[in-house]
Each structure stands twice: as structure tokens, then as C-alpha cells.
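A.B. asks: Predicted coordinates and the sequence they were generated for:
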Amino acid sequence: MHILVTGGAGFIGQHVVRGLLDRGHEVRILDNLRPDVHGSGPLWNAPSGTEFWRTDVRDGDGLDRALRRIDAVIHLAAKVGLGVDVSDLPDYAASNDVGMAELLAAMARSGVKRLTLASSMVVYGEGEALCPQHGAVVPAPRLEASLASGDYEPPCPHCGRPLQPKLVGEDTPFDPRNAYATSKVAQEFYARNWARAVGGSVAAMRYHNVYGPGMPKDTPYAGVAAIFLSALRRGEAPSVFEDGGQRRDFVHVRDIAAATILACEAHAMGLAAFNVGSGTPRTVGDMAAALSRALDGPTPIVTGRYRLGDVRHITADSSRLRRELGWNPAVGFEDGMAELSRAA
Ligand code: UD1
């Protein structure tokens with residue numbers, strides 16, 4: 001197929017582009033090389049065999065040209081992170097909500113009907129957890145007073161009892177708790193509306209915590225693995241927030257790219273959402289320890305600091321992706337962390 005990858009110069013995008021080329025697809029990359037991601041240094045060199053268009057995804061005329069002779073779109077261009085403070089809201093809405101709306105309108109004009117969208121596990125907020133009395137419940141947002149007093153676990157909203165973790169499926173209700181999450185929910189809804197209106201297909205890939213070579217670092221929007229890696233390379237101990245017991249699913253970027261490509265190739269009807277996680281949740285404390293070991297660095301420090309927009313635990317059930325698309329993650333946690341520690 002001839003595939004347009006928006007955000008193809010980004011962390012996930014570069015791995016997706018490589019995977020598409022390996023599978024014999026023709027690739028056109030559209031990326032505006034945002035300075036907060038790419039800096040103001042020399043221009044990015046697109047991989048050979050691709051066409052590169054330096055265009056903003058909100059540029060309707062540019063999109064019309066970029067969509068010519070395209071069979072499918074993989075939409076990865078976005079402002080990522082969770083939002084530093086409320087002043088970030090307009091940029092999330094402009095980059096992610098308006099960007100999605102412009103792309104869908106242009107796809108409707110061009111008649112391109114296949115969309116694979118980078119969504120996120122953050123659409124579920126705290127997800128669901130199990131109360132011994134009330135079964136599956138939605139933990140309430142954590143109060144600042146609780147976090148400040150070191151009370152990190154969200155209790156049952158009905159009886160206040162401690163909760164057991166649960167892997168969330170794709171039918172878990174949306175509960176976005178920060179600017180980024182809100183914009184990803186909006187993107188999914190815009191895409192659904194578009195798919196209904198034009199008879200298009202959309203695969204919404206709800207990525208878990210993606211890590212691997214090339215991950216963004218030293219920006220306010222860097223993920224925790226990159227932050228820990230930078231600290232260790234400065235000879236400092238990773239600074240673990242809360243008590244380090246928060247659970248995430250760290251999934252390697254090549255596995256993310258493979259899932260995205262499979263969905264783009266296979267999904268051609270209506271709307272489908274796929275969680276993309278390794279299936280093996282880890283705590284942030286465990287991840288810090290694994291990176292410290294791999295770099296022979298100082299032991300992580302558990303700080304008790306917290307960020308109000310953070311959820312405590314979020315872990316996916318990615319069985320739909322395995323069942324329906326035959327995806328299987330190939331990179332194990334220890335190997336992936338060791339590779340990350342060696343990456344440039
Ligand atoms: C991450 C992604 C988000 C993605 C989501 C999918 C980033 C910045 N965020 O959100 O885009 O959609 O996964 O599930 O990549 N922490 C520390 N020390 C630090 C920084 C963070 O302990 O110095 C902790 C945080 O408190 C949090 C955990 O690490 O509990 C993960 O933080 P982060 O990497 O920002 O990711 P998510 O919020 O899970």
C-alpha cells in the first residue's frame with residue numbers, strides 16, 4: 001500500500017516507517033518537526049526510499065496534496081506528555097483536536113478511507129479495579145491531601161476499602177484526567193464520526209507506556225524511562241515518585257510499531273480499538289531498578305513526590321490484538337531495558 005504517516009519523524013513514527021518499508025509499503029511522511037520535539041538544529045533526514053513533506057497536520061491545502069494517491073493513513077502526529085499545567089490546554093487542543101479534525105476533513109475530500117490512529121491507555125484514566133465487596137469499580141481521582149500524606153492508593157468509591165488491580169479491556173469507559181488524555185478521547189470520537197459519515201475504517205491503537213531507542217528525553221514531555229536514563233547517565237539516582245508502587249505496562253517501541261502496521265494492513269471495516277501493552281505490568285520502582293542494574297548505576301531514590309494528573313495504576317488487557325490480529329510482543333522487559341541503556 002501507499003501509506004501516509006503523520007508524525008513519521010517522531011519516536012514511534014520512525015520505527016513505524018522502518019517497519020512499513022521492511023514490509024514493502026511505499027511511505028510518505030508528513031511532519032512539521034515541532035521545535036519542542038526536534039529542537040532548532042539541522043533539518044531531519046528522512047530515511048531513503050521515503051517521501052518527506054514538512055507540513056503541519058492543520059494545513060488543509062498541504063494535506064490535500066499529501067493525500068494524493070494514498071491508500072491508508074497512520075496518524076501519529078501529536079503533542080504528547082500529560083500537560084505540564086493548565087496553560088498547556090490550548091496547545092493540546094490545537095495540535096491534537098484540530099489536527100485530527102483537519103486530517104479527517106482532508107481524508108473525506110481525498111476519498112482516503114483507512115485510518116490507524118495513535119491513541120493511548122490514558123483514555124481510561126484510573127481504569128477499573130476490584131473491590132472485595134463491590135466488584136469492578138472506577139477509582140475516584142486521588143485527592144491532593146491524600147497524596148501529600150503519602151496515601152497513594154485510590155480506595156473503593158463506595159466503601160473506601162483497598163482495591164485489587166484489574167487489566168482493563170477496550171470497553172472500559174473513558175475517563176480522561178489530563179489535557180493529553182482529553183485530546184486523545186476527542187480524537188477517537190472525531191474519527192468515529194468521520195468513519196460513520198464516509199464509510200471509513202479506523203483502528204484506534206491505545207498504546208501503553210512506550211519505551212525504546214530514540215525515545216524523547218530532556219523535555220517536560222519525556223516519559224519516565226527516558227527521565228531515569230538521563231539521570232543515570234549523569235551519575236544520579238533515578239527519582240521515583242510516590243512510593244514507586246504505581247503499575248504500568250512498559251512496551252517496546254518495535255512491538256508498538258508492529259501492532260500499528262498490522263492494524264493498518266488488516267483493519268478495513270468500521271471502528272476497532274486495540275489496547276497495546278506487553279501484558280506484563282511492572283511497577284515504576286521495578287523499572288527504575290532494572291535500568292540502574294543495566295547501567296550499573298546508583299540505587300533509585302523513592303521521593304514521595306507526586307503529580308496531580310498522574311493515575312496510580314493503569315494496565316491493559318491486550319488480548320484482542322493478539323486474538324484478532326495475531327500480534328505478539330517480541331521484546332522482553334529486561335532485554336528491552338538493557339537495549340535502552342545502551343541506546344544513543
Ligand atoms: C505515559 C505517556 C503518555 C501515554 C501513557 C500511556 C509520557 C510523558 N506519558 O503516561 O503519553 O499516553 O503513558 O499509558 O510519555 N514518574 C517518576 N519519576 C519521574 C517521572 C515520572 O516516578 O521523574 C512516575 C509518574 O509519577 C508515573 C509514572 O512514572 O507514576 C509514569 O509517568 P510517565 O512516564 O509520565 O507516564 P504516564 O503518565 O504513565
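C.D. replies: Arrived safely.
A.B. asks: what about A272, which SS state?
C.D. replies: With DSSP: H, G, I helix; E, B strand; the rest coil as the basis, A272 sits in strand.
A.B. asks: For the nearest residue to it once chain neighbours are set aside, list each beta-bridge partner.
C.D. replies: Among residues not flanking A272 along the chain, A203 sits closest, at 5.2 Å (CB to CB, 6 or more residues apart in numbering). Just so you know, the C-beta spots here come from the backbone N, C-alpha and C atoms, and that holds for glycine as well. Listed beta-bridge partners, A203: T116, A272 (assigned using DSSP bridges).
A.B. asks: dump the residue contacts of A203.
C.D. replies: By CB atoms under 8 Å, 6 or more residues apart in numbering, the contact list for A203 reads L115, T116, L117, A263, C264, H267, A272, A273, F274.
A.B. asks: Let's see that with 10 Å instead.
C.D. replies: 72, 74, 114-117, 119, 191, 259-260, 262-264, 266-268, 270-274, 321, 325 (CB atoms under 10 Å, 6 or more residues apart in numbering).
A.B. asks: can you tell me how far it sits from the ligand?
C.D. replies: Taking CB to the nearest ligand atom, to the nearest Å as the measure, A203 falls 17 Å from the ligand.
A.B. asks: rewinding a little: select only the buried ones of the contacts of A203 in ChimeraX?
C.D. replies: Buried residues among these (16 or more other CB atoms under 10 Å), as a ChimeraX selection:
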select :72,74,114,115,116,117,119,191,259,260,262,263,264,267,271,272,273,274,321,325
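A.B. asks: tell me the average confidence for the strand or helix carrying L104?
C.D. replies: According to DSSP states H and E, L104 maps onto helix 99-110. The pLDDT scores in helix 99-110 average 98.
A.B. asks: Going by neighbour count, which residues in it are buried?
C.D. replies: G99, M100, A101, E102, L103, L104, A106, M107, S110.
A.B. asks: So which bits of the lowest-mean-pLDDT helix or strand in the chain are buried?
C.D. replies: Here the helix or strand of the chain ranked lowest by mean pLDDT, DSSP states H and E is helix 35-38, holding a mean of 80. The neighbour-count check on helix 35-38 (16+ other CB under 10 Å) flags V37, H38 as buried.
A.B. asks: Sounds good, over and out.
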